[in-house]
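> heads up, no residue letters with this:
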């Protein structure tokens, strides 16, 4: 098996270059067909996302892929060559494993990339561009990605504002089912946070806004209720989580108000999320017992800490990938070497039997014992001759040179798969 | 034989103890599963040890310090196992395992092969009074551990500097719930324990005899009464309740460990 990969990503190329080399879904099929149509390329997969374009192929030569990329997109090679990276064999395996495990992503640990890799694999399979080599590689890559995800924390903690809000809510309330959220003011980010909370199990949604119609509109989206802005404080005790994002120039929730609400709620905890700038909620609210206030900077700080944690986990993930690459490569090598051993023995054995058959006439005068002896002698001769080469081949199963030497032996003895 | 079993239990508890130490140092759950298995096996040996001791002395094995510590250790393990089965809060182990280990270790230190049962303790009341009090203590210990976890989690959330504790510890709601339920089990038990103790004293001396232990247990009981009151009437929860629960458990420790040094009827 000879693997080659050529690609570019957010790490090596700006978006102007990436978009010029990207494949849209219509182009993918014809590109794949044209790739495997070449004699030197037997299998190929193209991964094209907004952050990367990669072509992985079963081929001896990565230059062919470079040429193909530029020809297909009608771009002169020298204009992109400094942005392209190429890998061969074990390096390809490592790169594919790292990409699938989201270790090469812009946001390390983001979960979408695995889905995109799976899509790319499916499209290539449908186009008939995938054979046993790439399918073995990709299936192992999916397993490695799963392993990295479950054994390290690279995808665990939230790295977006809305997910951070959900995660914090879970640490305050535990189970979110039966909890209520109030959205004050209609902003994109507030809406997004409410959407994630709702998906996490929050059961009731109250919406209030200076323009009541907008509140009604938003309430419909969340199957909740709209509350007039003038009276929103009357309903606030029903909310466990308050997301505020109005354009008000001053605090709309003061410490006194929050204290009253908490009192009305019999000290049941409240989580205030203030994503407005300037802020809507007096920072002193955080000092009230059972009230937890996070403004946009606080959430950002949580995200930054989570990111640092992800980086640490990524190191552990790299170790897993290292081990997997080694295991996969040595398995692939033994896959090439073992059949050679079997087929070499079969080829020589066939020669021996054919020779005996051809000389049957000369042997027929011999007694059955003598005939058996001839058979035995030729057999042991074959075994003796093959003994050393086969022992050597067995040692080569885990040697990176194994496939090359196995190939040489095939050529020398004219060994063919039967 | 019973002491061999107790030492076996102690050895297994040591694994749990090391788990707690390493988890605290690494700030990350370290070999929790093996430790949990070791604690469970230790508990089985521990119970067997207590049963054998009971058969030896033909009496409730709770008349010596050795027996008292051993018994308390076993009940704390039981309390932990029940709380873990219900809530699956792994970090509870960090609090429970060291206490269990230390109690069992102290029991080993005080080991006295010759059981001599003080005549004053020869009474059927011992079968009621002591187990009630000890079971209550075990439940209140769980409440104490839950309160500490609550306070750590609360501090993390308020400070907005989330450390690994934040991720490992359960939510505030769960901590508070565990603390409340343990209190709801522990408080009636110590109440009945104190009543039975008073009745026992009356049957022996005809009067309520007060010694340091009685005094401290009353104080402790009163702290928990306040806690129950505030929780039910004033809607206390979370931080305030957690602080009071910790004060209460300090009272328990003083009662259990300290009172012997002040002299009195409970010195044995």
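Here it is on my side, so go on. Quick caveat: nothing in here was measured; it's all calculated off a predicted structure.
> what helix or strand is residue A:292 on?
Per DSSP states H and E, residue A:292 falls inside strand A:291-295.
> list the helices and strands that strand packs on?
helix A:161-173, strand A:270-274 (3 or more CB pairs under 8 Å, 6 or more residues apart in numbering or on different chains; DSSP states H and E). Glycine gets a C-beta too; all of them are placed from N, C-alpha and C.
> burial count for the residue lying closest to residue B:31 once chain neighbours are set aside?
Excluding the flanking residues, the one nearest residue B:31 by CB to CB, 6 or more residues apart in numbering or on different chains is residue B:19, at 5.7 Å. By other CB atoms under 10 Å in any protein chain shown, 25 other residues sit near residue B:19.
> quick check: residue B:19 vs residue B:26, distance?
Per CB to CB, to the nearest Å, residue B:19 is found 10 Å from residue B:26.
> ok, back up a step: which of the helices and strands packed on strand A:291-295 sits closest to chain B?
helix A:161-173 (5.0 Å; CB to the nearest CB).
> who's in contact with that closest one?
The contact list for helix A:161-173 (CB atoms under 8 Å, 6 or more residues apart in numbering or on different chains) reads A:157-158, A:176, A:179, A:189, A:192-193, A:195-197, A:200, A:240-241, A:243, A:269, A:271, A:273, A:275, A:292, A:294, A:296, A:299-300, A:302-303, A:306, B:153, B:157, B:166, B:171-173.
> same check on stretch A:271-286?
A:161, A:165, A:168-169, A:172-173, A:184-185, A:187, A:189-190, A:193, A:240-255, A:258, A:291-296, A:299, B:158.
> report the buried members of those residues.
A:161, A:165, A:168-169, A:172-173, A:184-185, A:187, A:189-190, A:193, A:240-246, A:248, A:251-253, A:255, A:258, A:291-296, A:299 (16 or more other CB atoms under 10 Å in any protein chain shown).
> lowest-confidence stretch among the helices and strands packed on strand A:291-295?
Looking at the helices and strands packed on strand A:291-295, the lowest mean pLDDT belongs to helix A:161-173 (a mean of 91).
> quick check: angle from it to strand A:270-274?
160 degrees (axes from the mean of the first three to the mean of the last three CA atoms, to 10 degrees).
> after helix A:161-173, which helix or strand is next?
strand A:180-184.
> and whatever helix or strand comes next after that next one, how far from the chain's centre?
Sequence order places helix A:188-199 as the next helix or strand after strand A:180-184, per DSSP H and E. Chain-centre distance of helix A:188-199: 26 Å, with CA atoms, centre = their mean, to the nearest Å.
> what of stretch B:214-233?
17 Å.
> same check on stretch A:68-86?
Relative to its parent chain, stretch A:68-86 has a centroid offset of 25 Å by CA atoms, centre = their mean.
> one step back: so what strands line up beside the strand holding residue A:292?
strand A:270-274 (parallel) (DSSP bridges).
> now do the strand it pairs with against strand A:180-184, angle only.
Angle, strand A:270-274 to strand A:180-184, by the same axes, to 10 degrees: 30 degrees.
> relative to helix A:188-199, how tilted is strand A:270-274?
150 degrees.
> what comes up buried for strand A:270-274?
Neighbour count says strand A:270-274 has A:270-274 buried, by 16+ other CB under 10 Å.
> same deal with stretch B:32-47?
Quick answer for stretch B:32-47 (16+ other CB under 10 Å): B:32, B:35-36, B:38-39, B:41-43, B:45-46.
> closest to chain A out of the residues you listed?
Minimum distance to chain A across the buried residues of stretch B:32-47 is 15.6 Å, recorded for residue B:32 (CB to the nearest CB).
> once you drop chain neighbours, what's closest to that closest one?
In this structure, residue B:32 finds its nearest non-sequential neighbour in residue B:90, 5.4 Å apart by CB to CB, 6+ apart.
> neighbours of residue A:383, how many?
Using other CB under 10 Å, the number of residues around residue A:383 comes to 13.
> roughly how far apart are it and residue A:369?
Taking CB to CB, one finds residue A:383 at 21 Å from residue A:369.
> which parts of chain B are strands?
Taking DSSP state E as the test, none of chain B falls into strands.
> domain map for it?
As given by automatic domain parsing, the domain ranges for chain B are B:1-117, B:124-268.
> any chance of those domains in JSON lines, plus mean pLDDT?
As requested, the domains of chain B are arranged in JSON lines below (pLDDT from 0 to 100):
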{"stretch": "domain B:1-117", "mean pLDDT": "87"}
{"stretch": "domain B:124-268", "mean pLDDT": "86"}
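> out of these, nearest to residue A:106?
Residue A:106 lies closest, by CB to CB, to one member of the domains of chain B: domain B:124-268, at 23.6 Å.
> now do that closest one: distance to the chain's middle.
The chain centre lies 9 Å from the centre of domain B:124-268; the measure is CA atoms, centre = their mean.
> and the residue of the stretch 1-150 of chain A closest to chain B?
Counting by CB to the nearest CB, the stretch 1-150 of chain A gets nearest chain B through residue A:109, at 14.9 Å.
> can you pull the contacts of that residue?
A:102, A:154-156, A:159, A:310, A:313-314.
> try 10 Å
Residue A:109 makes contacts with A:101-103, A:148-149, A:152-157, A:159, A:306-307, A:309-311, A:313-314, A:317, as judged by CB atoms under 10 Å, 6 or more residues apart in numbering or on different chains.
> just residue A:130 next, same as before
By CB under 10 Å, 6+ apart, residue A:130 lies in contact with A:32, A:36, A:43-45, A:58, A:121-124, A:137-138.
> and it, what helix or strand is that in?
With DSSP H and E as the test, residue A:130 turns up in no helix or strand.
> can you count the residues close to the closest residue to chain B within the stretch 51-200 of chain A?
Nearest residue of the stretch 51-200 of chain A to chain B, counting by CB to the nearest CB: residue A:174, 3.8 Å away. Neighbours of residue A:174 under the rule other CB under 10 Å: 17.
> same question, residue A:167
19.
> so where do the strands sit in the stretch 201-350 of chain A?
Using DSSP state E, counting those that start in this stretch, the strands found in the stretch 201-350 of chain A span residues A:204-209, A:225-228, A:241-244, A:270-274, A:291-295.
> nope, the stretch 51-200 of chain A is what I meant
Using DSSP E, counting those that start in this stretch, strands in the stretch 51-200 of chain A cover A:52-59, A:85-88, A:180-184.
> who wins for proximity to residue A:66 among those strands?
The nearest among these, by CB to CB, is strand A:85-88 at 6.9 Å.
> for chain A, what lies in contact range of chain B?
Contact residues (CB under 10 Å from any CB of the partner chain) of chain A with chain B: A:153, A:156-157, A:164, A:167-176, A:179, A:262-263, A:265-269, A:271, A:286-287, A:289-295, A:297-299, A:301-302, A:305-306, A:309.
> go with 7 Å
Proximity of chain A to chain B, by CB under 7 Å from any CB of the partner chain, involves residues A:170-174, A:266-267, A:269, A:286, A:289-290, A:292, A:294, A:298, A:301-302, A:305.
> ok, back up a step: okay, the domains of chain B in CSV with distance to residue A:338 next?
Formatted as CSV, the domains of chain B follow (distance: least, CB to CB, whole Å):
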stretch, distance to residue A:338
domain B:1-117, 38
domain B:124-268, 46
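> by contact count, what packs against the helix or strand residue A:34 falls within?
Remark: residue A:34 resides in helix A:25-36, with elements defined by DSSP H and E. Helix A:25-36 sits against strand A:41-48, with contacts defined as 3 or more CB pairs under 7 Å, 6 or more residues apart in numbering or on different chains; DSSP states H and E.
> and the contacts of the strand it packs on?
Strand A:41-48 is contacted by residues A:22-23, A:28, A:31-32, A:35-36, A:54-59, A:64, A:116-117, A:120-121, A:124, A:129-131, A:133-134 when judged by CB atoms under 7 Å, 6 or more residues apart in numbering or on different chains.
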